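**Q** Sequence and predicted structure below; questions after.
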Amino acid sequence: MPEANNTYKSIWRISYPIILGLTAQNLMIAIDTAFLGRLGEITLGASAIGGIFYLCLVMLGAGFSIGTQILIGRRNGEGKKHQIGRIFDHAIYFLIALAFLLFLFLTYIAPTFLEWFLKSERIWSESLVFLHYRRFGFLFGFLTLGFNAFYTGITRTRLLILSTSVMAATNIILDYILIFGHFGLPAMGIAGAAVATNIAELVAFGFFLYWSHKNRMLYTCRLFVFHRPNWQQYRPLLKVAVPGMFQYFLSFAAWFVFFMVIEQISETALAASNITRSFYMLLMIPVLGLSSATNTIVSNLIGQGNTQQVIPLIKKVLMIALSITIAIIQLNIFMPAQIAGLFTSDPKLVEASIPLLRVTSLAMIAFAFGMIIFSGLSGTGKTLVALLIEILSITFYLSSAFILAVALNASAPVVWFVEVIYFTMLGLGSLMYLKTGKWKIYKL
């Protein structure tokens, strides 16, 4: 297994497959939005609420998988390859149980929960249609996250390009068939988007399983041996993963609440915000890939005993992230109407999206700064500290959004500006803690 180190070559070798994989994954989300945008602003708004609500719950699994990735990375750096399979299997047990609990939550609690907060009955009804079908995706979505954590943790990230490309291609083809009703199948609308993604995640898991069997990774690292559950094995895993679970959940829950605040402004503002979100997430891809690589390399470096290389590594990744971000936000600044036109043919929605896309240009710079430093902190294993910083940042973020939208009746672009404040606070809080050096003596 390749060794992670503090060089631009190592950073890029681990980052670029994640970036390409995320490109395929987020392109899938963007095309979902573009297809649903042809069905009207109600469907587009409902896909925003339903999609982000589902993502909030998925982030519990994603946060746990990031904790798994950190622990696998640490053991990989320490050269303790024999422990990786046990970590993986115990993570899979946890993710399967979590998938079952979240399925029950979406079935029995989510409808009433959403009804409390949504003003538009039409958006509430369409959101429930999406979630009714999407709830079946938890199991294979989480199993795929487990494989992502494994391959990223051992720094073999190139496989992520193939797995995510297979998933995205499957999803896009099925979107076209199921949303609009082609090849003799009925037009399912928003339900078709949910079914397409569920099947795509099943295909991605099957691909991972086939590849791992073919390349003997199942046997080399003893994956799916179904080790007997052991509390001693769970202690370090839960110690690092549970704060990560809640940190990722809170991050997306804040975005969900943010979109419900936007929904209070108008249905048009919500639909325009969904267009903005879809392109915003595409622009985030390079930074998300670099932040995931930062997480893994930091954990591997500490496992190798090279704690003195951590801060220089974070600085290098930050420079790369800021350079790429400044380059790509030129699209938002100079071509907002053309970008919005990719997602909708409604002139009113295009016009409403233009100022939002321009606001996200500044938010992207703050995002690059905040996410790279925050991921560096998480990679040290101090996920509880990261969670506390997240809570403080989110509290200010949501308070500001609520005051602006509800109390001051501010426009959607003004409310979107709180994204800048949120990521800036996240980065500054993480930087202040990293400078204390307390993370250097933390053992996993």
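**A** Perfect, thanks for sending it. Treat the numbers as computed from the prediction; the structure is a model and nothing was measured.
**Q** quick one: secondary structure of the residue of the chain most remote from its centre?
**A** Here the chain reaches farthest from its C-alpha mean at G184, the gap being 34.6 Å by CA atoms, centre = their mean. Following DSSP: H, G, I helix; E, B strand; the rest coil, G184 is assigned to coil.
**Q** My read is that I314 contacts F369, right?
**A** No. Judged on CB atoms under 8 Å, I314 makes no contact with F369 at a distance of 11.2 Å. For glycine as for every other residue, the C-beta is placed from the backbone atoms N, C-alpha and C.
**Q** circling back: next one: the residue farthest from the centre of the chain from G192, what distance?
**A** As judged by CB to CB, to the nearest Å, G184 and G192 stand 14 Å apart.
**Q** ok, F138 - contacts?
**A** Applying CB atoms under 8 Å, 6 or more residues apart in numbering to F138 gives the contacts L57, V58, G61, L98, A99, F100, L102, F103.
**Q** and what of L20?
**A** So L20 contacts L160, I161, T164, S165, G289 (CB under 8 Å, 6+ apart).
**Q** cool, G376 as well?
**A** T294, N295, V298, V310, L313, I314, V317, S430, L434.
**Q** tell me the SS of it?
**A** helix.
**Q** do L114 as well
**A** With three-state DSSP as the criterion, L114 reads helix.
**Q** Residue ranges in the chain under the pLDDT threshold?
**A** Under the criterion pLDDT under 70, the flagged ranges of the chain are 1-6, 442-444.
**Q** ok, so of the contacts of G376, who is nearest F249?
**A** Each of these was checked against F249 using CB to CB; the closest is N295, at 17.3 Å.
**Q** nearest residue to that closest one other than its sequence neighbours?
**A** Leaving aside its chain neighbours, N295 sits nearest to G379 (4.2 Å; criterion: CB to CB, 6 or more residues apart in numbering).
**Q** thinking that neighbour is in contact with A293, fair?
**A** No. With contact defined as CB under 8 Å, G379 does not reach A293; the gap is 9.6 Å.
**Q** nearest spatial neighbour of R158, skipping sequence neighbours?
**A** P17 (4.4 Å).
**Q** no, scratch that, I was asking about M28
**A** Nearest non-adjacent residue to M28 (CB to CB, 6+ apart): A168, at 4.3 Å.
**Q** Repeat that for Y16.
**A** In space, Y16 is closest to G289, 7.3 Å off (CB to CB, 6+ apart).
**Q** Which helix or strand contains the one you found?
**A** For G289, the element it lies in under DSSP states H and E is helix 267-303.
**Q** Please apply the same query to L223.
**A** Per DSSP H and E, there is no helix or strand for L223.
**Q** what about it, how many residues close to it?
**A** 21 (other CB atoms under 10 Å).
**Q** Distance check, the closest residue to P355 other than its chain neighbours against A204.
**A** In space, and not counting its chain neighbours, P355 is closest to P413: 4.1 Å by CB to CB, 6+ apart. According to CB to CB, P413 stands 36 Å off from A204.
**Q** what about the two, which has more around it?
**A** A204 (26 against 18).
**Q** Show the contacting residues for that one.
**A** F140, T144, S163, T164, V166, M167, T170.
**Q** now swap in P336 and tell me
**A** S353, I354, L357, R358.
**Q** how near is it to R358?
**A** 6 Å.
**Q** farthest-separated two in the contacts of F138?
**A** V58 and F100 (14.2 Å).
**Q** which one of these two has more residues nearby?
**A** Using other CB under 10 Å, the more surrounded residue of V58 and F100 is V58, with 21 against 13.
**Q** The helix or strand harbouring L102 - contacts with which helices or strands?
**A** According to DSSP H and E, L102 maps onto helix 84-108. Where contact means 3 or more CB pairs under 8 Å, 6 or more residues apart in numbering; DSSP states H and E, helix 84-108 is packed against helix 41-78, helix 138-153, helix 231-265.
**Q** what's the closest of these to M188?
**A** helix 41-78 (11.6 Å).
**Q** quick one: the closest one to helix 84-108, angle?
**A** Here the directions of helix 41-78 and helix 84-108 differ by 160 degrees (axes from the mean of the first three to the mean of the last three CA atoms, to 10 degrees).
**Q** Report the angle between helix 41-78 and helix 231-265.
**A** Angle, helix 41-78 to helix 231-265, by the same axes, to 10 degrees: 150 degrees.
**Q** now helix 41-78, how far from the chain's geometric center?
**A** 5 Å (CA atoms, centre = their mean, to the nearest Å).
**Q** how about it: buried residues?
**A** Neighbour counts over helix 41-78 (16 or more other CB atoms under 10 Å) mark 41-77 as buried.
**Q** Quick check: the residue nearest to M28 touching V203?
**A** No. Using CB under 8 Å, A168 is not in contact with V203; the gap is 10.3 Å.
**Q** which residues touch the residue found closest to T157 once you drop the neighbours it is linked to in the chain?
**A** Nearest non-adjacent residue to T157, counting by CB to CB, 6+ apart: P17, 4.0 Å away. For P17, the contact set (CB under 8 Å, 6+ apart) comprises T157, R158, L159, L160, I161.
**Q** which of the residues you listed are buried?
**A** Buried among the contacts of P17 (16+ other CB under 10 Å): T157, L159, L160, I161.
**Q** Most neighbours out of the contacts of G376, which is it?
**A** V298 (32 neighbours).
**Q** quick one: contacts of stretch 215-234?
**A** 81-82, 84-90, 92-94, 150, 154, 211-212.
**Q** Which two among the residues you listed are spaced furthest apart?
**A** For the contacts of stretch 215-234, with distances taken as CB to CB, the pair at the greatest spread is F94 and W211 (23.0 Å).
**Q** okay, those two: which has more neighbours?
**A** Neighbours were counted for F94 and for W211 using other CB under 10 Å; F94 has more, 24 against 17.
**Q** Tell me how far the more buried one lies from P229.
**A** Using CB to CB, one gets 9 Å for the distance from F94 to P229.
**Q** again, but for T197
**A** 30 Å.
**Q** of the two, who's got more company?
**A** Set T197 next to P229 and count neighbours by other CB under 10 Å: T197 wins out with 25 against 11.
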